[in-house]
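Peer 1: only geometry, no sequence info:
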């Protein structure tokens with residue numbers, strides 16, 4: 001089953017991706033390691049298929065003449081995964097497990113703290129006497 005998960009993951013990566021015409025498109029090593037590490041049961045297999053098919057569906061261009069057929073096939077995969085009753089017993093392959101803080105948010109907080117420091121420093125009374 002691991003090969004089938006890798007196959008749908010690669011299909012998801014390649015679907016509507018112009019990079020397939022410019023070079024090699026492969027699953028990242030980290031994602032491959034996650035797939036290998038997290039595929040221990042059929043619940044994990046259904047979860048992986050559901051996650052990758054959800055991502056694949058988000059990439060379907062509705063203007064494509066084959067979009068309807070593609071979405072129908074994806075929905076069939078998702079229906080089978082839901083019927084398994086195991087989707088709530090697995091870890092996501094796409095979304096992170098823990099909280100993720102965007103670098104922009106961290107940069108914003110640092111700038112905010114710097115502005116606050118400058119403001120407080122400017123409003124602090126000067127302790128050096130001018131009458132010395």
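Peer 2: It's in. Keep in mind that what you see is a predicted model, and the values were worked out from it rather than measured. Numbering: from 1, shown residues only.
Peer 1: going forward, measure contacts between C-alpha atoms and count neighbours the same way
Peer 2: Will do.
Peer 1: relative to the whole chain's centre, how far out is the strand or helix carrying residue 117?
Peer 2: Element membership for residue 117 (DSSP states H and E) is helix 103-122. Its chain's C-alpha centre and that of helix 103-122 lie 29 Å apart, by C-alpha atoms, centre = their mean, to the nearest Å.
Peer 1: for that helix, which helices and strands make contact with it?
Peer 2: Packing contacts for helix 103-122, counted by 3 or more C-alpha pairs under 8 Å, 6 or more residues apart in numbering; DSSP states H and E, involve no helix or strand.
Peer 1: got the buried residues for that helix?
Peer 2: Across helix 103-122, burial judged by 16 or more other C-alpha atoms under 10 Å covers no residue at all.
Peer 1: any idea how far residue 117 lies from residue 124?
Peer 2: Noted for residue 117: a distance of 11 Å to residue 124, by C-alpha to C-alpha, to the nearest Å.
Peer 1: circling back to that earlier point, so for the helix holding residue 117, what's the average pLDDT?
Peer 2: The predicted model assigns helix 103-122 a mean pLDDT of 81.
Peer 1: swap in stretch 63-83?
Peer 2: Averaging pLDDT residue by residue across stretch 63-83 gives 94.
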